[in-house]
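Colleague: just a sequence and a predicted model for now, questions to come.
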Amino acid sequence: MKLNEQNLPQLPAHIARPSYTLESITAGIAHIGIGGFHRAHQAAYTDALMNSGEAHEWGICGIGTRTDESGMRDALASQDYLYTLVELDDRPETEVRVIGSIRDMLLVGQDGSDAVVTRLADSSIRIVSLTITEGGYCMDESTGQFNAMLPHVQHDLKNPRAPISVFGLICAALAKRRGEGTGPFTVMSCDNLPHNGDVTRKATLAFANLVDPELAGWIESNVSFPNAMVDRITPMTSAAHRNNLKQQHGIQDAWPVVCEPFVQWVLEDRFVAGRPAWDKVGVQFTDDVAPYEEMKIKLLNGSHLALTYLGFLRGYRFVHETMADPLFVEYIRRYMDDDVTPQLAPVPGIDLTEYKQTLIDRFSNCAIADQLERVCSDGSSKFSKFSVPTINRLIADNAELDRAALVVAAWAMYLKGVDEHGTPYSIPDPRAEFCQSLVEEDEGLTERLLGREEIFGTQIPHSLAFHDAFERNLLRLRTLGVSGTLDLLLTR
């Protein structure tokens with residue numbers, strides 16, 4: 001049965017569906033970057049609140065800035081913007097739920113910049129939220145500053161009335177609202193990067209200052225940018241997921257979402273134009289998200305990077321396959337216990353021992369079939385957020401460096417594009433060609449790779465101890481392979 005509003009009453013009884021009418025929902029949130037994670041996280045929380053009879057004025061209008069988002073828009077539009085969320089784990093019963101909180105979607109490339117800016121500037125929109133990936137914030141990691149030389153940013157600076165970039169659109173909409181006296185909206189990042197609200201604020205103000213310093217001053221005084229910690233493993237939707245949904249549950253959904261049962265959202269309560277009562281459906285509001293954020297980014301995201309490139313080199317293609325290898329499990333435990341945990345401040349309400357075991361269990365979830373390719377993607381942006389802070393602290397403390405250096409050495413080997421069985425693969429990274437050029441020649445590889453401050457910051461390039469650890473583990477991977485390298489590292 002095709003998923004759409006008309007067919008909702010005919011769905012099998014075990015499938016949860018909106019308790020509200022779609023016509024009763026109006027958009028109060030515009031979300032830039034409608035993808036699997038947003039639909040498994042923020043949109044799902046919002047739908048749960050709507051199902052309780054609240055927040056009908058907090059529907060979501062999706063905004064797309066990339067040409068490759070047209071497929072998702074067309075798929076969702078064809079089914080009245082409904083989609084199916086499927087939770088997967090080893091339990092025999094999993095939740096299958098139709099979500100209705102997204103009510104529309106606009107694409108800059110098809111609907112035009114003016115239509116998108118007009119929608120963002122509408123007074124009904126009170127939150128503009130983002131999932132634009134770690135690399136979408138246009139920050140130069142070597143300087144910590146906004147990179148105004150990026151092509152889409154340059155386009156917007158030359159064509160301020162026809163913006164195509166995220167921050168060009170946001171600033172154009174805020175300028176319009178300021179001029180019309182309709183007031184500001186909250187800009188809320190839901191991306192996995194440290195201090196995501198602060199980074200969003202910095203990028204927005206940097207762009208605004210280049211366009212109109214008076215606008216920048218108004219944004220600084222009136223717009224809020226709450227920090228958040230977001231967490232739910234959401235693999236890429238595959239043809240198999242669509243087929244399984246059709247075969248097992250009788251739903252024909254062009255773009256369902258699969259995810260793990262675990263979900264967490266810790267959010268600073270700083271909203272200038274109101275917010276949904278997400279706390280009623282499990283969101284934790286706090287005055288300081290930093291301890292939760294550091295815990296999650298260093299333990300979960302950092303451990304993901306620690307296993308993903310090694311796993312891919314070993315020939316695995318799914319996270320759970322990697323975690324079925326005892327060497328990988330022991331390596332990840334040692335990394336979390338010995339390298340990361342000593343760096344973490346106490347986290348209110350969290351037992352770190354239990355949290356780390358939860359991560360092991362989540363990574364081992366074979367039902368979700370999380371792709372290593374997804375975790376591998378955009379490594380040149382992820383390292384600075386997820387691994388470099390841990391490495392910098394280890395260097396400063398004169399601590400053991402081999403486990404952390406192995407993560408970087410594995411990435412260097414991964415960039416060669418061939419696993420240890422001789423199987424070639426593509427590198428899913430916008431800067432893939434550049435990164436591969438850094439490891440093309442063995443001569444001088446260490447200095448070329450580790451010297452890239454936009455990836456590794458300023459401390460790693462000047463640490464002789466880390467350079468030695470990197471070269472030691474790179475040599476081991478070349479001569480002993482992944483299993484031999486892990487076995488040697490873990491028996492020391």
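Modeller: Sure, I can see it. Numbers count the residues shown, from 1 in each chain.
Colleague: ok, residue 248 - how many residues close by?
Modeller: Neighbourhood size, residue 248 [other Cβ atoms under 10 Å]: 12. (Glycine included, C-beta is placed from N, CA and C.)
Colleague: find the nearest non-adjacent residue to residue 347, please.
Modeller: Using Cβ to Cβ, 6 or more residues apart in numbering and skipping the chain neighbours, the partner closest in space to residue 347 is residue 291 (4.5 Å).
Colleague: that neighbour falls within a strand, correct?
Modeller: No - Residue 291 is assigned helix when assessed by DSSP: H, G, I helix; E, B strand; the rest coil, not a strand.
Colleague: how about it, what does it touch?
Modeller: 344-348 (Cβ atoms under 8 Å, 6 or more residues apart in numbering).
Colleague: now do it, the pLDDT please.
Modeller: In this model, residue 291 is scored at 95, pLDDT.
Colleague: remind me, longest helix of this structure?
Modeller: helix 464-490 (DSSP state H).
Colleague: can you list the weak-confidence ranges in the stretch 1-150 of the chain?
Modeller: Counting by pLDDT under 70, the stretch 1-150 of the chain shows low-confidence ranges at 92-93.
Colleague: could you rerun that using 90?
Modeller: 67-68, 89-95, 134-135, 140-144 (pLDDT under 90).
Colleague: in it, which spans are strands?
Modeller: 27-32, 59-64, 83-87, 96-99, 102-107, 127-130, 139-140, 145-146 (DSSP state E, counting those that start in this stretch).
Colleague: what would the ones you listed look like in JSON lines with distance to residue 408 and mean neighbour count?
Modeller: Listed next are these as JSON lines, based on distance: least, Cβ to Cβ, whole Å; neighbours: other Cβ atoms under 10 Å:
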{"stretch": "strand 27-32", "distance to residue 408": "32", "mean neighbour count": "25"}
{"stretch": "strand 59-64", "distance to residue 408": "34", "mean neighbour count": "25"}
{"stretch": "strand 83-87", "distance to residue 408": "34", "mean neighbour count": "24"}
{"stretch": "strand 96-99", "distance to residue 408": "39", "mean neighbour count": "21"}
{"stretch": "strand 102-107", "distance to residue 408": "37", "mean neighbour count": "20"}
{"stretch": "strand 127-130", "distance to residue 408": "28", "mean neighbour count": "23"}
{"stretch": "strand 139-140", "distance to residue 408": "20", "mean neighbour count": "18"}
{"stretch": "strand 145-146", "distance to residue 408": "24", "mean neighbour count": "18"}
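Colleague: can I get those strands in a markdown table including distance to residue 426?
Modeller: A markdown table is the format used below for the strands of the stretch 1-150 of the chain (distance: least, Cβ to Cβ, whole Å):
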| stretch | distance to residue 426 |
| --- | --- |
| strand 27-32 | 27 |
| strand 59-64 | 24 |
| strand 83-87 | 28 |
| strand 96-99 | 32 |
| strand 102-107 | 26 |
| strand 127-130 | 27 |
| strand 139-140 | 26 |
| strand 145-146 | 30 |
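Colleague: nearest to residue 441, out of these?
Modeller: Closest approach to residue 441 among those is made by strand 139-140 (25.8 Å; Cβ to Cβ).
Colleague: coming back round to it: just the buried subset of the contacts of residue 291, please.
Modeller: For the contacts of residue 291, a burial check counting by 16 or more other Cβ atoms under 10 Å picks out residue 347.
Colleague: in strands, which of the contacts of residue 291 appear?
Modeller: When the contacts of residue 291 are checked against strands (DSSP state E), there are no matches.
Colleague: hmm, back to that, from residue 450, how far off is the residue nearest to residue 347?
Modeller: 30 Å (Cβ to Cβ, to the nearest Å).
Colleague: try residue 437
Modeller: 15 Å.
Colleague: more crowded one of the two?
Modeller: residue 450 (22 against 12).
Colleague: list the contacts of the more buried one.
Modeller: Counting by Cβ under 8 Å, 6+ apart, the residues that residue 450 touches are 408, 456, 460-461, 466-467, 470.
Colleague: and if we set it to 7 Å?
Modeller: Applying Cβ atoms under 7 Å, 6 or more residues apart in numbering to residue 450 gives the contacts 456, 460-461, 467, 470.
Colleague: quickly list the domain ranges of this structure.
Modeller: Domains of the chain are assigned by automatic domain parsing as 8-286, 290-490.
Colleague: so for residue 1, which of those domains sits nearest?
Modeller: Comparing the domains of the chain under Cβ to Cβ, the one sitting nearest is domain 8-286, at 5.6 Å.
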